[in-house]
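Peer 1: Dropping a prediction and its sequence here:
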Amino acid sequence: MTTVMMQGLEQSSVELVNPLGESDVLLVCEHASHYIPDSFTNLGISQAERLSHIGWDIGAADMARALSSMLDASLVLQRYSRLLYDCNRPPSEASAIPPLSEVTEIPGNKALTAEQRNYRVERIYEPFHQEIATQIATRKTAGRATILVTIHSFTPVFMGVNRAVQLGVICHENNTFANSFYRGARKLSHFDIRMNEPYGPSDPVLHMVTRHGDEQQIPNVMLEVRNDLIVDDAGQQECATLVAETLNSLT
């Protein structure tokens with residue numbers, strides 16, 4: 001098992017889209033891919049489970065690409081399934097490599113050695129976050145501002161409970177930019193838009209915007225779009241347009 005789990009992550013964890021984008025907005029999609037290398041044998045789960053929302057944020061990458069084009073913004077995508085490593089979690093969080101996702105057991109994530117965990121941290125988490133830090137530092141050196149926007153999607157039903165919210169604006173209470181985004185989006189849209197739903201600061205979901213936004217004193221917001229709204233191109237374009245128009249109204 002150790003041999004199998006210590007190979008297969010040679011592909012870079014980062015895809016950079018529109019690196020020369022002129023927008024102040026820097027887009028990030030941590031859960032863009034459901035890719036699990038063959039050497040990990042799907043972590044012991046079925047193909048259907050890997051392709052479901054537990055394996056990635058359905059529609060989020062394509063919506064982020066559309067938004068990148070609309071804004072002329074650079075976009076950093078993560079190229080592995082979050083079941084291998086969830087880049088919106090620090091290495092200290094057990095849920096960064098989840099042995100259980102909702103009700104689905106992930107056999108390939110159980111009883112890992114420290115060496116096996118560190119292999120994923122070093123090959124997935126660290127290069128991904130280093131690319132974001134580099135993007136921000138390069139902008140600062142060039143005298144450019146940065147607004148960090150992370151794109152996620154969530155399932156309409158969670159643990160048997162229906163979710164009415166369609167767009168969640170996720171942030172710490174004192175995040176003035178995110179609060180302004182929330183107010184602006186509500187003026188422009190018929191969607192059910194809520195602050196800190198379906199997740200909030202009490203959930204371990206703010207690692208990305210805290211590390212690269214709050215701690216660097218950079219305006220930031222984490223967006224959660226209900227995934228039934230962005231399963232096709234029309235929905236992705238509609239939601240991307242709302243986000244683009246809202247961001248443009250704030251900058």
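Peer 2: That came through, no problem.
Peer 1: so how many other residues sit close to Ala114?
Peer 2: 7 (other Cβ atoms under 10 Å). The way it works is simple: take the backbone N, C-alpha and C, and place the C-beta from them, glycine included.
Peer 1: same deal with Ala133?
Peer 2: Residues contacting Ala133 under the criterion other Cβ under 10 Å number 13.
Peer 1: got the contact list for the closest residue in space to it that isn't next to it in sequence?
Peer 2: Leaving aside its sequence neighbours, Ala133 sits nearest to His212 (Cβ to Cβ, 6 or more residues apart in numbering; 6.7 Å). By Cβ atoms under 8 Å, 6 or more residues apart in numbering, His212 lies in contact with Val28, His129, Ile132, Ala133, Ile136, Leu148, Ile218, Asn220.
Peer 1: Export these as CSV, with columns for secondary structure.
Peer 2: Output for the contacts of His212, formatted as CSV (DSSP: H, G, I helix; E, B strand; the rest coil):
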residue, secondary structure
Val28, strand
His129, helix
Ile132, helix
Ala133, helix
Ile136, helix
Leu148, strand
Ile218, coil
Asn220, strand
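Peer 1: Is there a quick PyMOL command that grabs whichever of the residues you listed are buried?
Peer 2: Applied in PyMOL, the following selects the buried portion of these according to 16 or more other Cβ atoms under 10 Å:
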select buried, resi 28+129+132+136+148+218+220
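Peer 1: Quick check: of the contacts of His212, which lies closest to Asn109?
Peer 2: Closest approach between the contacts of His212 and Asn109, by Cβ to Cβ: His129, at 20.3 Å.
Peer 1: ok, now how distant is that closest one from Thr210?
Peer 2: 12 Å (Cβ to Cβ, to the nearest Å).
Peer 1: now swap in Glu15 and tell me
Peer 2: 23 Å.
Peer 1: cool, Ala145 as well?
Peer 2: When Ala145 is compared with Thr210 (using Cβ to Cβ), they lie 19 Å apart.
Peer 1: follow-up on the earlier one: ok, the contacts of His212 vs Cys171, which is closest?
Peer 2: Using Cβ to Cβ, those come closest to Cys171 at Asn220, 7.6 Å.
Peer 1: Could you count how many residues lie near Pro107?
Peer 2: 12.
Peer 1: Excluding residues flanking it in the chain, which one is nearest Ala185?
Peer 2: Ala185's closest residue in space is Thr246 (Cβ to Cβ, 6+ apart), at 4.5 Å.
Peer 1: now swap in Leu229 and tell me
Peer 2: Using Cβ to Cβ, 6+ apart, the closest residue to Leu229 is Gly235 (5.0 Å).
Peer 1: What distance do you get for the residue lying closest to Ser101 once chain neighbours are set aside to Gln216?
Peer 2: Distances taken as Cβ to Cβ, 6+ apart put Ile54 closest to Ser101, at 4.2 Å, once the chain neighbours are dropped. Remark: distance between Ile54 and Gln216 (Cβ to Cβ) = 31 Å.
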